[in-house]
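Colleague: here's my sequence, what's the structure:
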Amino acid sequence: MRGHISDLDTIKHICEQAGIYLIEDCAHSLGAEWDGKLVGYHGAIACFSTQSYKLLNSGEGGLIATNNKELAAYCILAAGSYEKLYKKHLARPLDDNIFEKLKPYVPNFSLRMSNLTASVLRPQIKFLETKISQNRQKYDRLVEILNSVRNIYIPLPLEQVKPAPDSLQFNLLGLTSAQVDEFVQQTSKRGVAIQIFGRDDNSRYYKNWQYSFTELPNLEKTESIISSACDIRLPSTFDFNDLNLIGYIIKDVIYKILREDNRQDYPNGLTDYFENIEEVRGKYDNWVSFYDQEHYDNGWTILLNHVAYTLISYLKKDDLILDIGCGTGLLGRELISYGSKNLQGLDISQQSLDILKDLDIYKALHLEELGSTLSFADNTFDALVSTGVFTRNQVPLESFEELIRILKPGGIFAVVLRIEDDEFYYKPIKNYCAINMWQEILKTRISVLQSCNHELVILRKQNIL
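Modeller: Numbering: from 1, shown residues only. Sure thing, here's the model as predicted:
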């Protein structure tokens, strides 16, 4: 189902022990492999769909494959080869006696694929391997984006499976039924169609199969899984820009749902003024154990997702990026999810850096003080990013000189500033722009907290002679 393959070796053993045929329904799995062998080769019959959403698309239709002559003859007859029309099938057992013997016992379902439909399919076959490879890349791209969300669980295939996916499934964790419904509604409004398997409008929901039983079964374990199991198609027309946008929308919606409304942004309050750098360090060392939860609750993750998505247009995957004030890695996770591969983190809090050591987010971690001379060579980084750091006089204004020094000419500095700081940090930035050390290339407002407003400013370092 949807390219997910159960343990075929175990299933084959069960069928052999019971003396029953194994029929592989490969409608969603054309091109997928089990233990190095394509699906469709493991049972007595393999069924493939060529309906409009499938890798081979004839609008409607499908085909079966088998190396059993009697089964092949049966299927040809059932498809509508009455009288002697079976002779027109080029791919058939050539022994006419098999057909003549079976004919009286096989009803004519008239399920023939027309020549016109077949002619639409045949030219597509030569592109099949390319489409499978592209689908795997697209699937991996969206998985990479969504893996940064702790409330999303994406099941991994079994070790023996090499999938050929044209859709993605994931579970929403920790959401109520009402929140799951809201998630589907909000993503749909923004153009992302997501279905929940455990809903009355989904034909895959077992409660809709009332033709299969006289009494509704009680499947508690199944219900607990499919009630939040999401299904999203990945049409071949989608490119990587589409996938980035889809991932961004999904994350934006779920972060907004997870944000607690009518609560104080920071229940323990924020310090508006710091006497010295040790006071700043102490605040973040003490904050580290509940920092992530607090920023999920107040919606800060909405801002981080927006920043990381915006930076796709300005960064290359291999750019060397310094996350200034990396904290517990919330921004780093988002940057990685959108493809950044070469991150380093800088922070004043040793407690925060200790948490990051085993998380595989940053290539290197640096315990440094902004405002002092930093330990990096001139023109080291392609990009500097910082959120929630340049606010409430936490950082000395002279720190900008060092940031300019370690940034390569043409590199960018993306910083989130609090508007309510009365341009405390934005004034020196304007001065650097005035003397052509920086060029402002983007300024956009992002308001997620109740107590204040922010804007993202992106600056490019000018070539200084």
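
Colleague: how about stretch 374-389 as PDB, C-alpha atoms only?
Modeller: What follows is stretch 374-389, C-alpha atoms only, in PDB (Å, rounded to 0.1, in the frame of the first residue of the first chain):
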ATOM      1  CA  LEU A 374      36.100  35.900  17.800                       C
ATOM      2  CA  SER A 375      38.400  32.900  17.100                       C
ATOM      3  CA  PHE A 376      37.700  32.800  13.300                       C
ATOM      4  CA  ALA A 377      39.900  34.000  10.500                       C
ATOM      5  CA  ASP A 378      38.900  36.800   8.200                       C
ATOM      6  CA  ASN A 379      36.300  36.000   5.500                       C
ATOM      7  CA  THR A 380      35.500  32.500   6.900                       C
ATOM      8  CA  PHE A 381      31.800  32.200   6.500                       C
ATOM      9  CA  ASP A 382      29.400  32.300   3.600                       C
ATOM     10  CA  ALA A 383      26.500  33.300   5.800                       C
ATOM     11  CA  LEU A 384      25.800  34.300   9.400                       C
ATOM     12  CA  VAL A 385      22.300  33.800  10.900                       C
ATOM     13  CA  SER A 386      20.900  34.900  14.200                       C
ATOM     14  CA  THR A 387      17.400  34.800  15.800                       C
ATOM     15  CA  GLY A 388      16.500  36.100  19.200                       C
ATOM     16  CA  VAL A 389      20.000  37.200  20.000                       C
END
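
Colleague: now do the buried residues in that stretch.
Modeller: By neighbour count on 16 or more other CB atoms under 10 Å, the buried set for stretch 374-389 is Leu374, Phe376, Thr380, Phe381, Asp382, Ala383, Leu384, Val385, Ser386, Thr387, Gly388, Val389. For the C-beta atoms, the positions are set from N, CA and C on the backbone; glycine is no exception.

Colleague: now do the contacts for the third one.
Modeller: Shown here is Thr380, whose contacts under the criterion CB atoms under 8 Å, 6 or more residues apart in numbering are Leu320, Leu322, Ile406, Leu407, Lys408.

Colleague: secondary structure and pLDDT for those residues - can I get that in CSV?
Modeller: As requested, those are exported to CSV (DSSP: H, G, I helix; E, B strand; the rest coil; pLDDT from 0 to 100):
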residue, secondary structure, pLDDT
Leu320, coil, 98
Leu322, strand, 98
Ile406, helix, 97
Leu407, strand, 97
Lys408, strand, 96
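
Colleague: just the closest of these to Asn305, please.
Modeller: Comparing the contacts of Thr380 against Asn305 with CB to CB places Leu322 closest, at 19.9 Å.

Colleague: contacts only, for Phe48.
Modeller: With contacts defined as CB under 8 Å, 6+ apart, the neighbours of Phe48 are Cys26, Ala27, Leu30, Gly40, Leu56, Gly62, Leu63, Ile64, Ala65.

Colleague: scan these and report the most crowded one.
Modeller: Counting neighbours by other CB atoms under 10 Å, the top entry in these is Cys26, with 25 neighbours.

Colleague: if we can go back for a sec, between the buried residues of stretch 374-389, which is nearest Ser188?
Modeller: Nearest member of these to Ser188, counting by CB to CB, is Thr387, at 29.6 Å.

Colleague: how close does that closest one get to Val448?
Modeller: 11 Å (CB to CB, to the nearest Å).

Colleague: which residues do the two both contact?
Modeller: Shared contacts of Thr387 and Val448 (CB under 8 Å, 6+ apart): Leu303.

Colleague: in the host helix or strand of Thr130, which residues are buried?
Modeller: Element membership for Thr130 (DSSP states H and E) is helix 128-146. Neighbour-count burial for helix 128-146, with 16+ other CB under 10 Å as criterion, is recorded at Lys131, Ile132, Asn135, Arg136, Lys138, Tyr139, Arg141, Leu142, Val143, Ile145, Leu146.
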